[in-house]
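Undergrad: Predicted model follows, preceded by the sequence.
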Amino acid sequence: MNLEHLVTDTFHQALRCRDTGVLLNKWLPATSNLTYDMFRAAVLQMAAISKEQGATKVLVDGTDFHMGRPPSEFWAWRAEHIAPLYNESVVKFAYVWPEGTPAPPNNGEVSAPDTFPTTHFTSAKAAMGWLIE
């Protein structure tokens, strides 16, 4: 992949694949030290980069995500602050998780407040294939 570096911080990096236009947001191993407030700031930054880049296809690589599940109140906050940013340009969204991570029951569907399908994978190659088909 021919990747353009957009941003890197302690917990994640954002890259754009020059060949496909896919925006790759990669969580880094330091997420084991991520607090909930830092997580929200990082997720907001990822969504802002997506909007700024006009990304239509986004891949979040969570294979090195170690914070654990966000608290239940995160989802209402995400609906208010994150979904509108992604909804401006995204048409497909994929996650890559470690092998053995179960996909949610709505895998591959559009789930409000998002206006695009989201699919969960355990292989970056499979995720990229789905995003660019």
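TA: Perfect, I can see it now. Numbers count the residues shown, from 1 in each chain.
Undergrad: burial count for the closest residue to Val22 other than its chain neighbours?
TA: Leaving aside its chain neighbours, Val22 sits nearest to Lys57 (4.7 Å; criterion: CB to CB, 6 or more residues apart in numbering). C-beta here means a position set from N, CA and C on the backbone, and glycine is covered the same way. Applying other CB atoms under 10 Å, we find 23 residues neighbouring Lys57.
Undergrad: wait, what's in contact with Lys57?
TA: Residues counted as contacts of Lys57 (CB atoms under 8 Å, 6 or more residues apart in numbering) are Thr20, Gly21, Val22, Leu23, Val90, Val91, Lys92, Phe93, Ala94, Leu131, Ile132.
Undergrad: Now that the fourth one has come up, it's in contact with Val58, right?
TA: Yes: under the criterion of CB atoms under 8 Å, Leu23 lies in contact with Val58, with a separation of 4.9 Å.
Undergrad: got any residues that touch both of the two?
TA: What both Leu23 and Val58 touch, as defined by CB under 8 Å, 6+ apart, is the set Ser50.
Undergrad: Quick one: name whatever helix or strand follows the helix ranked longest in the chain.
TA: If you go by DSSP state H, the chain has its longest helix at helix 36-53. Remark: after helix 36-53, the chain's next helix or strand is strand 57-61, criterion DSSP states H and E.
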